[in-house]
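> coords please:
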Amino acid sequence: GLNFNLTSYLGFATMEGGKYYNDKFVGAYLTHKLPWYFKSFGKNVSSFDFIYRGTIGDMKNKEFHQFEFEKLDHLYNELGLEWNNFLSSQFNLGFFYRVGHYNTPRFKDNFAIQFKLKLLGF
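I've put the predicted structure just below:
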């Protein structure tokens with residue numbers, strides 16, 4: 001099926017939950033606000049962000065754990081376009097695509113839609 005999730009700013013839209021575990025990792029979240037704003041109905045101004053997320057990690061002694069998982073020992077990348085204040089709401093709607101090492105041949109495995117609630121002050 002289609003990847004659809006509700007997540008925080010730290011989550012990857014295209015990553016399967018519970019598939020990867022690490023005891024150390026490093027990540028990047030880069031965003032670029034596109035210089036185009038518009039007002040639909042309501043009081044919130046909508047805009048668009050181009051987003052890159054990437055992470056890489058490791059897990060020592062994977063064999064000590066009693067469940068199956070993979071470690072992110074290659075760079076995991078996703079690119080996205082996020083509509084801020086979707087239809088003048090407090091939600092952001094994003095479309096993301098996984099690229100790089102963890103990309104698979106099937107489009108639907110790499111594509112995800114993300115719906116995110118914006119809390120006040122963030």
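> Please count neighbours and contacts with C-alpha atoms only from this point.
OK.
> for this structure, what helix or strand is lowest in average pLDDT?
strand 3-6 (a mean of 62; mean pLDDT, DSSP states H and E).
> And the longest strand along the chain, what does it pack against?
Longest strand in the chain, counting residues (DSSP state E): strand 24-39. For strand 24-39, the elements it packs on are strand 45-58, judged by 3 or more Cα pairs under 8 Å, 6 or more residues apart in numbering; DSSP states H and E.
> Give me the contacts around the strand it packs on.
Strand 45-58 is contacted from outside by 12, 22-40, 71-88, using Cα atoms under 8 Å, 6 or more residues apart in numbering.
> Alpha carbons of stretch 51-62, in PDB - could you do that?
Presented in PDB, the C-alpha positions along stretch 51-62 are these (Å, rounded to 0.1, in the frame of the first residue of the first chain):
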ATOM      1  CA  ILE A  51      13.500  19.200   2.300                       C
ATOM      2  CA  TYR A  52      16.500  16.900   2.500                       C
ATOM      3  CA  ARG A  53      16.900  14.300   5.300                       C
ATOM      4  CA  GLY A  54      19.800  12.000   5.700                       C
ATOM      5  CA  THR A  55      21.200   9.700   8.300                       C
ATOM      6  CA  ILE A  56      23.900   7.000   8.800                       C
ATOM      7  CA  GLY A  57      24.600   4.900  11.800                       C
ATOM      8  CA  ASP A  58      26.000   1.700  13.300                       C
ATOM      9  CA  MET A  59      25.100  -1.000  15.800                       C
ATOM     10  CA  LYS A  60      27.800  -2.800  17.700                       C
ATOM     11  CA  ASN A  61      27.100  -6.400  18.800                       C
ATOM     12  CA  LYS A  62      23.900  -6.800  16.700                       C
END
